[in-house]
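# Pasting the sequence and the predicted model now:
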Amino acid sequence: MKKLKLSQEEQNKFLSEIATRLSKSFRAKGIDNLSIEDLKKDLKAVPKDVKQPKIYITASAYVKMMEYVRQSPVEISWHGLVHRDLENNTYLVYDALIFPQINSATTTTADEEGFAKWQMDLISDMNFPIEDLRMHGHSHVNMNVFSSGVDDQYQEDLLHKVEDGDYYIFMIFNKKQEICVLLYDYVQNVLFETADVFLDVITEDGTEIATTVAYEIQENCKKAPDLIKFKKSAEIKKSTEFYPVHDYFEDDDWDMPLFNSNKKNIKGGKRKHGSK
């Protein structure tokens, strides 16, 4: 979680403090005596009253995006449609659209001419909710999901168009169904990363799928006493040993790597979007 930018008041405070410290340094031992690292740290600090955002993906949008990733042998990218409920600090990704692009094993970039026409067609369509086009997703194929240097630059270029009080979501997927999330929230002035958000897929009736399934497994599944598994295939060639499975059904070990719902949310059976 990171602060996005300094307010004018914070900028003025920063400049005033630097001027004060410069003055003191010159009177003491000169510029080498000046240290502003602690001041920079204070300015970067995220306010304690920041609210955790909840990002929901409709089941249809989730399946569609995962199919993009599954069917493409190389990197692929798309834009997503999002509804924001500012009062409840929730975001609903409800559809995805592929735009004209050029793809390779490690890159996906918009085809400039094709993308410009695609964008103008959407803007010209009076029935298309262009104001909801606030998410960009792309695949890392079989690589880990993280924001690379190229991704960082793309985000920076796109965010120049995002105004104060607005938001934008970036998601990075891979074929292992892992997701990296970056939510630029200009209302709270915070960049929320994967570990900072609650993320789940919901059905049409609002059921939170990952949370509900996690609860059902935790309530109904137990590890067999003699449950064992082979080592990885590469190791089997060297050894015929077995080893016990990790107690992944135990409360203290429970984890949902795909979605960052913490344990306090895995209770009460079927959960609905908007429940607490």
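It's in.
# going forward, measure contacts and count neighbours with C-alpha atoms only.
Will do.
# Return the set of buried residues in stretch 98-106.
Judged by neighbour count using 16 or more other C-alpha atoms under 10 Å, the buried positions of stretch 98-106 are 99-101, 103.
# Please read the previous query as pertaining to stretch 47-56.
Buried-residue list, stretch 47-56, by 16+ other C-alpha under 10 Å: 53-56.
# Alpha carbons of it, in PDB - could you do that?
The C-alpha coordinates for stretch 47-56 follow below in PDB (Å, rounded to 0.1, in the frame of the first residue of the first chain):
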ATOM      1  CA  PRO A  47      -3.100   7.500   6.700                       C
ATOM      2  CA  LYS A  48      -4.300   5.100   9.300                       C
ATOM      3  CA  ASP A  49      -8.000   5.600   8.500                       C
ATOM      4  CA  VAL A  50      -7.700   4.200   5.000                       C
ATOM      5  CA  LYS A  51     -10.500   1.800   4.200                       C
ATOM      6  CA  GLN A  52      -9.700  -1.600   2.600                       C
ATOM      7  CA  PRO A  53     -11.400  -1.800  -0.800                       C
ATOM      8  CA  LYS A  54     -13.300  -4.900  -2.000                       C
ATOM      9  CA  ILE A  55     -13.000  -5.900  -5.600                       C
ATOM     10  CA  TYR A  56     -15.600  -8.300  -7.000                       C
END
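# Other residues contacting it?
89-93, 188, 196-202 (C-alpha atoms under 8 Å, 6 or more residues apart in numbering).
# go on, stretch 110-120?
99-102.
# buried stuff in it?
Buried residues in stretch 110-120, counted by 16+ other C-alpha under 10 Å: none are found.
# Assign a three-state SS to T211, would you?
Counting by DSSP: H, G, I helix; E, B strand; the rest coil, the backbone at T211 sits in helix.
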